[in-house]
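**Student:** got a sequence here, can you build the structure:
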Amino acid sequence: MKTKLIYLMAIIFSLGIYNCDEADGGSSQSPPDASTFTSIEDLRNSLKPDPHVETVDPSGNFDVTGPDGTTISCIGNSILDSSGNTVSDDVIISLYEFNTLDKMILAKAPTTSNGDLLVTGGSFEVTAKNANTGEELEFSSWGCNCSLNIQTNPSTTHESQMVLFDGNTNNLDNNDLEVVDWNQADTDSSAWQGFFMAYGIDIGFSNCDVLYDMTGENGTQFEATVSGVTDYSNNVEVWLIIDDFPSVVMLTTVNSTPALESYAGTIPTGLNGTLVGIHIDDNNYLRFGSLQITVAGNDSFNVNVNYGTEAELVALVESLVN
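**Tutor:** Alright, predicted model coming up:
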């Protein structure tokens, strides 16, 4: 009896110590095995692929080719300053290549045009800067061309219809952050046998795409929630990777549910794909997850997310498109 009493007192004593620790702000749980970011913008800055950088003499013809095969070709004296004057100083060209769907997600370069789906063959971003003054520069009209290898495996029909689209970044997503949208460019371009070429490109974002033809389709929309999220205007993203043709969609509209939703009538009924949810929680920890879906019409999907590292997020996105 004495032994049992001593044992019971030991348990009570242990519980008392545990409760005191809790009252003093201690915790029995270890921090999650996850990367930390101050915001979703902080995560975005980390995820964006590094550019291929070259310094060129703009007085002569030059080519800049990235590691994935995208080439920017310019004739001499085609680099202009903000006043429209020809630049003679050396110029730093930075080329970001987004030739596959995973790189488009990591670079936050969705393939939609005013909400409509694009079938994509790849995209890129190019910038030019005066090597001496740091001034941001422009290409002259018809002074620079591009070529790229199509690596997204579109259908032969879609590929043959692909043209150049220019990206504009005067758009805000659900987090009130800049996101690119696409407008068909007024220029000559063509695609054939896995190769795309366009003439008269501009500084900034460009891509090789064709609008998805909704003729005969029953257009619908859907909404998506993310586990543990109540505020969809802060530190959360939802992406759709389409399986039926190469395209990635970022859901940027917050509805009254609350949830993030696609544009009305832009999603074909029966479309197959995978949703990717990304969230930075109140303690700055990264959470993410994915969900395979088939769109039946006006669906409500929920993506369960768990803690993880940035490297694990990148590996997940890569595994979903490769």
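**Student:** distance of the nearest residue to residue 255 once chain neighbours are set aside relative to residue 188?
**Tutor:** By the measure of C-beta to C-beta, 6 or more residues apart in numbering, the closest residue to residue 255 outside its immediate chain neighbours is residue 261, 4.8 Å from it. For glycine as for every other residue, the C-beta is placed from the backbone atoms N, C-alpha and C. Distance of residue 261 to residue 188, computed by C-beta to C-beta, to the nearest Å: 37 Å.
**Student:** so between those two, which is more surrounded?
**Tutor:** Neighbour tally, residue 261 and residue 188, criterion other C-beta atoms under 10 Å: the higher count belongs to residue 261, 21 against 13.
**Student:** what's near enough to touch that one?
**Tutor:** In this structure, residue 261 makes contact with 221, 222, 223, 224, 251, 253, 254, 255, judged by C-beta atoms under 8 Å, 6 or more residues apart in numbering.
**Student:** go on, residue 230?
**Tutor:** residue 258.
**Student:** now swap in residue 133 and tell me
**Tutor:** Each residue near residue 133 by C-beta under 8 Å, 6+ apart is listed here: residue 89.
**Student:** does it count as helix, strand or coil?
**Tutor:** Using DSSP: H, G, I helix; E, B strand; the rest coil as the criterion, the local structure at residue 133 reads coil.
**Student:** check the gap between it and residue 140 for me.
**Tutor:** Between residue 133 and residue 140 the distance, using C-beta to C-beta, works out to 19 Å.
**Student:** do the same with residue 87
**Tutor:** 10 Å.
**Student:** which one of these two has more residues nearby?
**Tutor:** Higher neighbour count among residue 87 and residue 140: residue 87, with 21 against 15, using other C-beta under 10 Å.
**Student:** quick check: residue 312 is in a strand.
**Tutor:** No. Remark: residue 312 does not belong to a strand; assigned using three-state DSSP, it is helix.
**Student:** quick one, what contacts it?
**Tutor:** When contacts are counted by C-beta under 8 Å, 6+ apart, residue 312 is found next to residue 288.
**Student:** repeat for the one 3 residues further on
**Tutor:** Applying C-beta under 8 Å, 6+ apart to residue 315 gives no contacts.
**Student:** pretty sure it belongs to a helix, no?
**Tutor:** Yes. The assignment for residue 315, made by three-state DSSP, places it in a helix.
**Student:** can you give me the pLDDT of it?
**Tutor:** In this model, residue 315 is scored at 98, pLDDT.
**Student:** same thing with the one 5 residues further on?
**Tutor:** Reading off the confidence values, residue 320 has pLDDT 98.
**Student:** pretty sure it is in contact with residue 274, am I right?
**Tutor:** Yes. Taking C-beta atoms under 8 Å as the definition, residue 320 is a contact partner of residue 274 at 5.3 Å.
**Student:** tally of neighbours for residue 250?
**Tutor:** Other residues within reach of residue 250 by the criterion other C-beta under 10 Å amount to 22.
**Student:** now it, nearest residue through space, not along the chain?
**Tutor:** Leaving out its chain neighbours, the residue that sits closest to residue 250 by C-beta to C-beta, 6+ apart is residue 110, at 4.1 Å.
**Student:** my guess is the one you found meets residue 251, correct?
**Tutor:** No. Distance between residue 110 and residue 251: 9.3 Å, which falls outside the contact criterion (C-beta under 8 Å).
**Student:** hey, what's in contact with both of the two?
**Tutor:** Contact criterion C-beta under 8 Å, 6+ apart; residues bridging residue 110 and residue 251 by contacting each: residue 239.
**Student:** about what we covered before: so which of the contacts of residue 261 is surrounded by the most neighbours?
**Tutor:** residue 251 (26 neighbours).
**Student:** what distance do you get for it to residue 121?
**Tutor:** Using C-beta to C-beta, one gets 23 Å for the distance from residue 251 to residue 121.
**Student:** again, but for residue 316
**Tutor:** For residue 316, the distance to residue 121 equals 24 Å [C-beta to C-beta].
**Student:** so for these two, which sits in the more crowded spot?
**Tutor:** residue 121 (27 against 17).
**Student:** name the element that one belongs to?
**Tutor:** When elements are assigned from DSSP states H and E, residue 121 belongs to strand 116-130.
**Student:** and residue 46, by the same measure?
**Tutor:** helix 40-47.
**Student:** so what secondary structure elements neighbour that helix?
**Tutor:** Packed against helix 40-47, as judged by 3 or more C-beta pairs under 8 Å, 6 or more residues apart in numbering; DSSP states H and E, are the following elements: strand 272-280, helix 310-321.
**Student:** buried stuff in the last one?
**Tutor:** By 16 or more other C-beta atoms under 10 Å, the buried positions in helix 310-321 come out as 310, 312, 313, 316, 317, 320, 321.
**Student:** relative to strand 272-280, how tilted is that helix?
**Tutor:** Using axes from the mean of the first three to the mean of the last three C-alpha atoms, to 10 degrees, the direction of helix 310-321 lies 170 degrees away from that of strand 272-280.
**Student:** quick one: helix 310-321 to helix 40-47, angle?
**Tutor:** Helix 310-321 and helix 40-47 are oriented at 70 degrees to each other (the same axes, to 10 degrees).
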